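Peer 1: With the sequence up front, the predicted model follows.
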Amino acid sequence: MYQRLKNLFFIGCLCTSTACLSAETSYPITVIDASQQSLTLTKIPAHIDSKSMFSDQVLMALLPLQNITSLSRLSKDPTYSIIADKIPTTLPLRDLNVEQIIAEHPDLVFVASWSDGSKIAQLRAAGINVFVIKTVYSLKNIEKNILLVGKLINQNTAAIALVDKMNDKLKQQIIIPEKQLTAIEYTPWGASSNHNSTVNTIINQAQLNNVIAYNSGDKFGQVPIAKEQLLALNPDVIIIPGSDSDGFRQQLLHDPALQTLTAIRDRKIISLPHALRSTDSQYIADAIIYLNHKVYQPHDSSSIQ
């Protein structure tokens, strides 16, 4: 009982400081995941399956390839995955296939909080250790998720180093403007992102003020924005998802109804690639730096690492 309480106490400590992280995880360890289910690991998991973009990106940074049984299919899509070119062809890519996972019986499976609950239940019923990762939006909570994954797989030192590297990049590369500009994300489907989104974190950390941060939106943080609202808000910068080749930027620049907008006049319509826009791992630092430089140092030709 003492060991169980000790390990449960760690989770509370983890959420406030990295100082309490020891070099090695003491097993057994019991944690409560995003689905409010208790998971107990009795030993270091040697074979780990990942079924979320977050865990794909973190595990690729923390573990040798031989310890990863598979990643999610989306991680190999260069449009949406920042690690697409880092995944070797020998590493399997699979969706949440219950039969295949049960047959392989990995020591631990990481899934997203939006994953199919019935499939998760089937895996647990078959004795598979499943950990549901909480969907988070802030830098601090992303750091907590990285450290928690590191703790579960006995990679505490590497997880701390990953968080430190992320923060060091931001400290060293972010341009602090004399005056912050206002900004809004505007999508081809006429929506924006409020505070319940990583997009809002990217905007704010890039030294911009999201003009609809606290507008009401849906469960994904999406806020419908009509052209009339866009004109009333008149942001200095408009951020659009995807690449310049999508044509949406040119459409906005030449829209007769939007010519009075400051962002249109100053041609500050910034394309944020999907792979950066969608990341909720350590790579969010790259998204922040990318947007910050596009706005405050538009002629910077440095690449994202």
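Peer 2: Perfect, I can see it now.

Peer 1: where's Tyr290 relative to Asn204, distance?
Peer 2: According to CB to CB, to the nearest Å, Tyr290 and Asn204 sit 15 Å apart. C-betas here are computed from N, CA, C, even on glycine.

Peer 1: Check Glu185 too.
Peer 2: 12 Å.

Peer 1: Surely Gly271 is in a strand?
Peer 2: You called it Gly, but residue 271 is Ser. Yes - secondary structure of Ser271 (DSSP: H, G, I helix; E, B strand; the rest coil): part of a strand.

Peer 1: what are the bridge partners for it, then?
Peer 2: Ile240 (DSSP bridges).

Peer 1: so it sits right up against Ile238, yeah?
Peer 2: No - the pair Ser271 / Ile238 is not scored as a contact, 10.0 Å apart, by CB atoms under 8 Å.

Peer 1: Tyr290 and Asn204: who's more crowded?
Peer 2: Tyr290 (22 against 18; other CB atoms under 10 Å).

Peer 1: quick one: secondary structure of Thr89?
Peer 2: coil.

Peer 1: Just give the number of residues close to it.
Peer 2: 7.

Peer 1: And it, what's its pLDDT?
Peer 2: At Thr89, the model reports a pLDDT of 93.

Peer 1: got the contact list for it?
Peer 2: Contact partners of Thr89, counting by CB atoms under 8 Å, 6 or more residues apart in numbering, are absent.

Peer 1: Could you check how many residues crowd around Met166?
Peer 2: Neighbours of Met166 (other CB under 10 Å): 21.

Peer 1: Might you report the residue contacts of it?
Peer 2: 143, 282, 284-285.

Peer 1: Just read off the phi/psi values of it.
Peer 2: phi -60, psi -50 (degrees, to the nearest 10).

Peer 1: pLDDT weak spots in this protein?
Peer 2: Where the chain drops to pLDDT under 70, the residues are 1-22, 244-246, 300-305.

Peer 1: May I see the domains of it written out as residue ranges?
Peer 2: Per the record, the chain has its domains at 2-169, 175-296, by automatic domain parsing.

Peer 1: The last one: how far from the chain's middle?
Peer 2: Counting by CA atoms, centre = their mean, to the nearest Å, domain 175-296 is centred 17 Å from the centre of its parent chain.

Peer 1: which SSE is Val163 in?
Peer 2: helix 156-173 (DSSP states H and E).

Peer 1: Give me the distance between that helix and the centre of its chain.
Peer 2: 15 Å.

Peer 1: likewise stretch 107-118?
Peer 2: Per CA atoms, centre = their mean, the centroid offset for stretch 107-118 relative to its chain is 16 Å.

Peer 1: repeat for stretch 33-53
Peer 2: So, by CA atoms, centre = their mean, the centroid of stretch 33-53 is 18 Å from its chain's centroid.

Peer 1: what about it, start to end distance?
Peer 2: With CA to CA, to the nearest Å as the measure, the ends of stretch 33-53 fall 17 Å from one another.

Peer 1: Report all helices and strands that the helix or strand hosting Ser55 contacts.
Peer 2: Applying DSSP H and E as the criterion places Ser55 in helix 53-62. On a contact count with 3 or more CB pairs under 8 Å, 6 or more residues apart in numbering; DSSP states H and E, helix 53-62 meets strand 48-51, strand 108-112, helix 139-152, helix 156-173.

Peer 1: re earlier: the next helix or strand after the helix holding Val163 packs against which elements?
Peer 2: Sequence order places strand 181-185 as the next helix or strand after helix 156-173, per DSSP H and E. For strand 181-185, the packing partners by 3+ CB pairs under 8 Å, 6+ apart come out as strand 191-193, helix 198-205, strand 208-210, helix 227-233, strand 237-241.
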